[in-house]
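> have a look; sequence and predicted model below, questions after that.
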Amino acid sequence: MDLSILPHRLTVCKVPGVGAVDVSASFYFIGRTDEEISLVCRTEDVPGSAAEREDGWRAFRIVGTLDFSLTGILARLSGILAESSIGIFAVSTFNTDYFLVKEENLDRAKTALEEAGYRFV
């Protein structure tokens, strides 16, 4: 399975409403539940109204489109990183999965995944 590393720094934050999100931005992910609205976006695109924020994330993308019948992909990736004491923040879209690691863990995460047989493109 091939992976890629997104070039930009990301922030995970809580926003008061979806109207605070710049939907013209090139990269963002919104998650809404009955308790909160979370936003993952480029650090430079964080809305000024963000209630809380956690900066310093980098993202890996699983390259290609994943079939919904596939199982255990994130479990395997997160297990490999957990063995190296690297936590993740996962985001899934219709096509694929992304997993974020803190920037200071990026190189260690890449090395651990390469040693487990993943290729980077």
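Perfect, I can see it now. Because the structure is a prediction, the values reported are computed rather than measured.

> quick one: strands adjacent to the longest strand along the chain?
Using DSSP state E, we find that the single longest strand of the chain is strand 52-62. Strand 52-62 has its sheet partners listed here by DSSP bridges as strand 2-5 (antiparallel), strand 10-14 (antiparallel), strand 97-102 (antiparallel).

> make JSON lines from the ones you listed and add mean pLDDT and mean neighbour count to it.
For every residue, glycine as well, the C-beta is placed using N, CA and C. Below are the strands paired with strand 52-62 laid out as JSON lines (pLDDT from 0 to 100; neighbours: other CB atoms under 10 Å):
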{"stretch": "strand 2-5", "mean pLDDT": "96", "mean neighbour count": "14"}
{"stretch": "strand 10-14", "mean pLDDT": "97", "mean neighbour count": "20"}
{"stretch": "strand 97-102", "mean pLDDT": "95", "mean neighbour count": "20"}
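
> which among these is found nearest to Tyr28?
strand 10-14 (9.4 Å; CB to CB).

> the chain: helices as residue ranges?
Secondary structure of the chain (DSSP state H): helices at 73-83, 106-115.

> elements contacting the first one?
Put plainly, it is helix 73-83. The contact analysis (3 or more CB pairs under 8 Å, 6 or more residues apart in numbering; DSSP states H and E) places helix 73-83 against strand 89-92, strand 97-102, helix 106-115.

> the last one too?
Based on contacts counted as 3+ CB pairs under 8 Å, 6+ apart, the elements that helix 106-115 packs against are strand 2-5, strand 52-62, helix 73-83, strand 119-120.
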